[in-house]
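K.L.:
I'd like to go over a predicted model; first the sequence, then the structure.
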Amino acid sequence: MTTLSLATSNALDIQPVTGRIGAEIRGVRLSSTLEPAVLDAVRAALLRHKVIFFRDQTHLTDAEQEAFAKRLGDPVSHPTVPVIDGTDYLLELDSHRGGRANSWHTDVTFVDAYPQASILRGVTIPEVGGDTVWANTATAYLDLPPPLQALAEQLWAVHSNEYDYANHTSVGSRGRDVEAAKRYREQFVSTRYETEHPAVRVHPETGEKTLILGHFIKHFVGVTPSASAHLFDLLQGYVTRPENVVRWRWRTGDVAIWDNRATQHYAVNDYGDAHRVVRRVTIAGDVPVSVDGRRSVTLRREPNPAVTDTKAA
């Protein structure tokens, strides 16, 4: 972290939420006209705390959320799910249309250069429930005993979008829109992606070693499915240990920004038929590099014939 970043970071009102991950930044009004020094401080806080929170940003519209995102990097749209009409990059997660991401994941790891950061805005928040939980994958790596660190550094895994995180729920059992959720699922897998990532990547800005896990993993390379499942449970368990996570209670207008290269997250599905809508912009990332200098590799990117056939029928 540069001296400027340290100085400007210290000038902000930053309130850590836990000892390992998460901080609320107070007194900042997010916008595309944010002063460069403040923006530098926000970036520094993001790298340090992995996820940062801003209360009461109710002034942000869809367009203003996108404009602010451009100050942090190059926004990118989701590779398969259409953006909101009238926007260039905004992905909407609507609980009435399959948007319940209640499984631990890092965003879009089924592509090679998955997003470096995500900016999420609370639009419609249930009166009770609907929190999001984030985990620090850098401290999770440090928690591994040295033999497990050595093992993880040798592992590579195939990630695929055939696991649809936003539809990981019993849609319809509580009156939700079954057809809308089905359409969302079809959009999500309309192009099949498979990418081979190292289980441990080197963060391009901090130099930290972070774990690339989460539910998009299909299996570890060269490992049987049953052994892959055991390895995944072992390593993933370190990511989601209680001391390694932060839980945010949303209010309408809140904004969360997280380093997608050093975190996983989980949207808690505990609000029944209440309506929850959040809107996300992601920032373009880089191809992960393993501890021995190898880069992630795209294995598959092709139209899904099952979805094509369904539409044709």
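P.N.:
Okay, I see it. Numbers count the residues shown, from 1 in each chain.
K.L.:
looking only at pLDDT, what's the mean for stretch 137-153?
P.N.:
The average of the pLDDT scores along stretch 137-153 is 98.
K.L.:
if I look at Ala150, how far off is Val200?
P.N.:
As judged by Cβ to Cβ, to the nearest Å, Ala150 and Val200 stand 10 Å apart. All C-beta atoms are positioned from the backbone trio N, CA, C, and that covers glycine.
K.L.:
helices along this protein, start to end?
P.N.:
3-11, 36-49, 62-72, 137-143, 146-154, 178-188, 225-239, 305-312 (DSSP state H).
K.L.:
highest mean neighbour count out of those?
P.N.:
Among those, helix 137-143 has the highest mean neighbour count (mean count of other Cβ atoms under 10 Å), at a mean of 22.
K.L.:
and that helix, what does it pack onto?
P.N.:
Using 3 or more Cβ pairs under 8 Å, 6 or more residues apart in numbering; DSSP states H and E, the elements in contact with helix 137-143 are strand 209-211, helix 225-239.
K.L.:
not counting that helix itself, show me its contacts.
P.N.:
Helix 137-143 is touched from outside by 20-21, 50, 106, 149, 152, 200, 203, 206, 208-213, 238-239, 241, 244, 262-264, with contacts defined as Cβ atoms under 8 Å, 6 or more residues apart in numbering.
K.L.:
drop anything exposed from those residues.
P.N.:
Buried subset of the contacts of helix 137-143 (neighbour count, 16 or more other Cβ atoms under 10 Å): 20-21, 50, 106, 152, 200, 203, 206, 208-213, 238-239, 244, 262-264.
K.L.:
can I get the helices and strands packed on helix 137-143 in a markdown table with distance to Phe68 and mean pLDDT?
P.N.:
Listed next are these as a markdown table, based on distance: least, Cβ to Cβ, whole Å; pLDDT from 0 to 100:
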| stretch | distance to Phe68 | mean pLDDT |
| --- | --- | --- |
| strand 209-211 | 25 | 98 |
| helix 225-239 | 29 | 97 |
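K.L.:
among the ones you listed, which is nearest Asp286?
P.N.:
Relative to Asp286, the nearest member of those by Cβ to Cβ is strand 209-211, separated by 13.1 Å.
K.L.:
the closest one pairs with which strands, and in what direction?
P.N.:
If you go by DSSP bridges, strand 209-211 pairs up with strand 200-202 (antiparallel).
K.L.:
spatially central residue (nearest the centroid) of the protein, please.
P.N.:
The chain has Asp107 as the residue nearest its centroid, 3.6 Å off, counting by Cα atoms, centre = their mean.
K.L.:
what sits against it?
P.N.:
114-115, 118, 260, 282 are the contacts of Asp107 under Cβ under 8 Å, 6+ apart.
K.L.:
now, which of the residues you listed lie within strands?
P.N.:
Members of the contacts of Asp107 lying in strands (criterion: DSSP state E): 118, 282.
K.L.:
give me the buried subset of the contacts of Asp107.
P.N.:
Neighbour-count burial (16+ other Cβ under 10 Å) applied to these gives 114-115, 118, 260, 282.
K.L.:
for those residues, which one is nearest Gly293?
P.N.:
Once Cβ to Cβ is applied, the member of the buried ones among the contacts of Asp107 that ends up nearest Gly293 is Tyr114, at 19.0 Å.
K.L.:
relative to Ala284, how far out is that closest one?
P.N.:
Separation of Tyr114 from Ala284 (Cβ to Cβ) stands at 9 Å.
K.L.:
that'll do, ta.
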